[in-house]
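>>> Test case, fold it:
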Amino acid sequence: MTDAAAEAISFQVRSEDGAARRGRLVTGHGVIDTPAFMPVGTAAAVKALTPAQVAATGARMVLANTYHLYLRPGHERIARLGGLHRFMGWDGAMLTDSGGYQVFSLADLRTLDQEGVTFRSHLDGSTHRFTADLAMEVQRALGADVVMAFDHCPALPAAQGEVALAVERTTAWARRSLDAFGARRRHPAGHEQVLFGIVQGGLDASLRSRSAAALIELDLPGYAIGGLSVGETKEQMQGAVAITAPLLPQAKPRYLMGVGFPEDILAAVAAGVDLFDCVLPTRMARNGTALTREGRLPLRNRRFADDPRPLDARCRCEACARFSRAYLRHLVMAGEILASVLCTVHNVTFYQDLMAEIRAAVEQRQLAAFAREFLAKWAAGSTPWA
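Numbering: from 1, shown residues only. The predicted structure is shown next:
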């Protein structure tokens, strides 16, 4: 743990370029320069990487999942072993989702009512009742620096009545989360934990506004934009972000949940978003696709079989420093575990470097020019999937 362990979590906007912000989020486990991207460690591990490898990419904050850790190995066991940071050997900052996303992703295994969600475990079929109170109990035990209020995330497209009901439930569950957890609390390990609320509302601007206004009344330390990347088009998603971000308090961090393509991140940063997470870089790595400044490289494509170049000549990661596209393709085609390791190291490094370049562009008030140049190369260089 860092020397900041006894300090209160704080956020400061340090420079702006239009609506885009360059900020700093100070936590008991280090400082996160924003805009920032959090690698996803659903089950207390960023897939294919050690904590040291994650840190070497430049990542300073990771995400873990409340629902999955509740099921296995159990939040009480993790608490007995010193909390999630110690359990997974991660010294940086951490955010835990509340389990609300599983309302969407495990729709076939749950029943939903005004008080909470009853899940049938995807592991063994056992039944579990999730409420705002339990979500807060689990996150207290896990000990993440940032914890998320329990919410109802509906799939899209959805009828307006269904989305309105999700907003109503999300608001009620946020109040219960605040009552159960508090806006800020001290973890037994010494660091502070803070509660973020989640704005829902689908693609309806009036519902987004209603959700944001109700959550802002709770005066939480930070706010997330949820309910996107759940079936809508890219244009619809970017439009909803552009509507929602300006509704949130200027002086508090804004987090866009589960959105991760570079073009979507750039659009969201331009709208004023500070934090991101997505499984995209790790999942695509395991499927043999590398992400570079020149576009996507699906390494199964035969054109890479004799390619002696690194994945990205400007990349500082181990995969680019030591290995060719041809070798990495060989590993992918042979099913070697090393393929997942090296491609994941590369993809997570790519995201961390992209965020650093975005931060520099905001500081220099050149975000729009940077985005145009980056996206032109990204689109032109992406290799077809076949």
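
>>> From now on I want contacts and neighbour counts done on CA atoms only, so please keep to that.
Fine.

>>> Could you pull up phi and psi at residue 34?
Phi and psi for residue 34, reported as degrees, to the nearest 10, are phi -120, psi 150.

>>> can you check residue 353 too?
Torsion angles, degrees, to the nearest 10, at residue 353: phi -70, psi -40.

>>> excluding its backbone neighbours, what's nearest it?
residue 58 (7.8 Å; C-alpha to C-alpha, 6 or more residues apart in numbering).

>>> okay, which residue of the chain is out on the far edge from center?
Here the centre of the chain is the reference, and by C-alpha atoms, centre = their mean the most remote residue is residue 306, at 35.6 Å.

>>> Residue 62: which element?
strand 61-65 (DSSP states H and E).

>>> now that strand: mean pLDDT?
Average pLDDT, strand 61-65: 97.

>>> Just give me how far the helix or strand just after that strand sits from the chain centre.
The helix or strand immediately downstream of strand 61-65 is helix 66-71, counting by DSSP H and E. Taking the mean of its C-alpha atoms, helix 66-71 sits 17 Å from the chain's own mean (C-alpha atoms, centre = their mean, to the nearest Å).

>>> other SSEs contacting helix 66-71?
Helices and strands touching helix 66-71, as assessed by 3 or more C-alpha pairs under 8 Å, 6 or more residues apart in numbering; DSSP states H and E, comprise helix 132-142.

>>> contact partners of the following helix or strand past the helix it packs on?
Once the chain leaves helix 132-142, the next helix or strand it forms, by DSSP H and E, is strand 146-148. Applying C-alpha atoms under 8 Å, 6 or more residues apart in numbering, the contact partners of strand 146-148 are 94, 95, 96, 97, 98, 139, 193, 194, 195, 196, 197, 198.

>>> what about 6 Å?
Identification of contacts with strand 146-148 by C-alpha atoms under 6 Å, 6 or more residues apart in numbering yields 95, 96, 97, 98, 193, 194, 195, 196.

>>> on that earlier part again, contacts only, for the residue farthest from the centre of the chain.
residue 326.

>>> returning to that earlier point: what does the strand holding residue 62 contact?
Residues contacting strand 61-65 (C-alpha under 6 Å, 6+ apart): 38, 39, 40, 41, 42, 44, 92, 93, 94, 95, 96, 97.

>>> burial of the first one, as a residue count?
Other residues lying near residue 38 total 24 when counted by other C-alpha atoms under 10 Å.

>>> which ones are touching it?
Counted by C-alpha under 6 Å, 6+ apart, residue 38 has contacts 61, 62, 276, 277.

>>> same question, the fourth one
Contacts here follow C-alpha under 6 Å, 6+ apart; on that basis residue 41 touches 63, 64.

>>> Roughly how far does it sit from residue 287?
Note on residue 41: its distance to residue 287, by C-alpha to C-alpha, to the nearest Å, is 17 Å.

>>> Can you give me the neighbour number for residue 304?
19.

>>> which residue packs closest to it, ignoring adjacent ones?
Closest to residue 304 by C-alpha to C-alpha, 6+ apart is residue 326, at 5.5 Å.

>>> Model confidence at that neighbour, what's the number?
For residue 326, the model assigns a pLDDT of 98.

>>> my guess is it meets residue 307, correct?
Yes - assessed by C-alpha atoms under 6 Å, residue 326 is found in contact with residue 307 at 5.0 Å.

>>> Looking only at neighbour counts, state which of these two leads.
Neighbour totals were compared for residue 326 and residue 307, and residue 326 leads with 20 against 15 (other C-alpha under 10 Å).

>>> Pull the residues that contact whichever helix or strand the more buried one is part of.
Per DSSP H and E: residue 326 is located in helix 325-334. Helix 325-334 is contacted by residues 288, 299, 304, 305, 306, 307, 308, 309, 310, 311, 339 when judged by C-alpha under 6 Å, 6+ apart.

>>> just stretch 195-205 next, same as before
147-149, 163, 167, 183, 207-208, 211-212, 222-227, 240.

>>> With stretch 208-217 instead?
Under C-alpha under 6 Å, 6+ apart, the answer for stretch 208-217 is 167, 199, 201.

>>> Good, we can wrap up now.
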